[in-house]
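Enquirer: The sequence isn't on hand, but the structure is:
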């Protein structure tokens, strides 16, 4: 369980493993798409960049809460890491 704070509100995030995996898959799909568009990478190269990144390590760690952010926000960190 993860406690999240949005403004003055605090709520518990209870996401089962299937839901978490779905969110992760969607985030990775978006990150790969951004990489292909911005860096003209092949599909396999873009997946390799994502899966070998420090950002992905943080993304799959539920304790960071990064998976709850938008793919565009996460991509900003990935771009910083790549550049």
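Expert: It's in. Since the structure is predicted, the reported quantities are computational estimates derived from the model, not experimental observations.
Enquirer: can you give me the strands in the protein?
Expert: Secondary structure of the chain (DSSP state E): strands located at 2-6, 9-13.
Enquirer: Give the rounded mean pLDDT of the first one.
Expert: What it means is strand 2-6. What strand 2-6 shows for mean pLDDT is 51.
Enquirer: got it, and the last one?
Expert: For strand 9-13, mean pLDDT is 49.
Enquirer: What of stretch 73-80?
Expert: Mean predicted confidence for stretch 73-80 is 97.
Enquirer: Could you list the residues in contact with the longest helix seen in the chain?
Expert: Across the chain, the longest stretch assigned as helix under DSSP state H is helix 17-39. Helix 17-39 is contacted from outside by 15, 41-43, 46-47, 49-51, 56, 59-60, 62, 67-68, 71-72, 74-75, 78-79, 82, using Cβ atoms under 8 Å, 6 or more residues apart in numbering. Every C-beta, even on glycine, is put in place using the N, C-alpha and C of the backbone.
Enquirer: What are the buried residues along it?
Expert: Under the neighbour-count criterion of 16 or more other Cβ atoms under 10 Å, helix 17-39 has 27-28, 30-32, 34-36 buried.
Enquirer: CSV for the residues you listed, including pLDDT and distance to residue 20?
Expert: Formatted as CSV, the buried residues of helix 17-39 follow (pLDDT from 0 to 100; distance: Cβ to Cβ, whole Å):
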residue, pLDDT, distance to residue 20
27, 95, 11
28, 97, 13
30, 97, 16
31, 98, 16
32, 98, 19
34, 98, 21
35, 98, 22
36, 98, 25
